[in-house]
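Enquirer: Here is my input, please return the structure:
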Amino acid sequence: MRSEDTLFTGGPLDGRVLPVLTGPTGNPPKWYEVPVPSADGGAPTVYAYVREPAGYSKRLGIQRGWRYVYVPEGRGPRGPRWPWSKPPAPGASPNAGEE
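Expert: Take a look at the predicted model:
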């Protein structure tokens, strides 16, 4: 597997450059989650980072790699949002389409 040295900005990994495995397209994952075990042995705390472009070249505007930025509120909902998987509207009967 190939890895890419990636800068982390904000949060507990601020300023660190860590090797991150890249996917089949050569890019690191969009989200990077760091589980940190708690001192009392409870559930670990998970810190979330989102991938952003590290910058662009001046002349041609070509992207210069990636960096991860800390997201304090954590990762949002995962997966696609399909129209048929919406929760029913308030006040609608659960069997409205069936007879």
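
Enquirer: so where do the strands sit in this structure?
Expert: Listed in chain order, the strands of the chain (DSSP state E) span 3-9, 17-21, 31-36, 45-53, 66-71.

Enquirer: The first one packs against which elements?
Expert: In this structure, strand 3-9 packs against strand 17-21, strand 66-71, with contacts taken as 3 or more C-beta pairs under 8 Å, 6 or more residues apart in numbering; DSSP states H and E. (C-beta placed from N, C-alpha, C; glycine too.)

Enquirer: What residues of it count as buried?
Expert: With burial defined by 16 or more other C-beta atoms under 10 Å, the residues of strand 3-9 counted as buried are 6, 7, 8.

Enquirer: Tell me how many other residues crowd residue 35.
Expert: Each residue near residue 35 was counted by other C-beta atoms under 10 Å, and the total is 9.

Enquirer: Check the spacing between it and residue 51 real quick.
Expert: When C-beta to C-beta, to the nearest Å is applied, the distance between residue 35 and residue 51 equals 18 Å.

Enquirer: Before I go, just wanted to say thanks for your time.
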